[in-house]
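Chemist: need coordinates for the following:
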Amino acid sequence: MTLEACYRALGGNYQDVLGRFRSEKTVAKFVRKFQDDQSCEELAAAVERQDGPAAFRAAHTVKGICQNLSFDRLYQSTCRLTEALRGGWSEDAPRLFSRVMEDYQITLAAIRQLDPVNENAG
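Modeler: This is a model prediction of the structure:
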């Protein structure tokens, strides 16, 4: 899968991220690194503990990464969760977290289909 097709599959904005990073090679590098980021795992653990402050920090981190990479679908669901947790634990958090995890899995699935050749693209 090309990088542009990957962005379509994950619900992102390819033109936006390309304009920000100016190089497909750089975009591909950071998209691949997203798979190794532990913020979603930290978010899951915090939600399981119903730890509002920790869940907020982790959700806010994921939101920022998604905004920088133009992962729009995951950004939007994480943004909703972040806002729900801004004042502490929210009864809406488990439902919103579920949506974040669905979008996260869609994002990871698309990234895993990315052609290795794109790492060396211009």
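Chemist: rest of the way, CA atoms for contacts and neighbours
Modeler: Will do.
Chemist: any stretches of the chain with poor pLDDT?
Modeler: Within the chain, the ranges that satisfy pLDDT under 70 run 117-122.
Chemist: longest helix in it, please.
Modeler: Counting by DSSP state H, the longest helix found in the chain is helix 93-112.
Chemist: so which elements touch that one?
Modeler: On a contact count with 3 or more CA pairs under 8 Å, 6 or more residues apart in numbering; DSSP states H and E, helix 93-112 meets helix 3-10, helix 39-49, helix 72-85.
Chemist: looking at those helices, which is closest to Val62?
Modeler: Of all these, helix 39-49 sits nearest to Val62, with 6.1 Å by CA to CA.
Chemist: quick check: buried residues in the closest one?
Modeler: Across helix 39-49, burial judged by 16 or more other CA atoms under 10 Å covers Ser39, Cys40, Glu42, Leu43, Ala44, Ala46, Val47.
Chemist: among those residues, which one lies nearest to Gly19?
Modeler: Closest to Gly19, out of all of the buried residues of helix 39-49 and judged by CA to CA, is Ser39, at 25.3 Å.
Chemist: what about the residue nearest to that closest one when sequence neighbours are not counted, how many residues nearby?
Modeler: In space, and not counting its chain neighbours, Ser39 is closest to Ala58: 5.6 Å by CA to CA, 6 or more residues apart in numbering. Ala58 has 24 neighbours, counted by other CA atoms under 10 Å.
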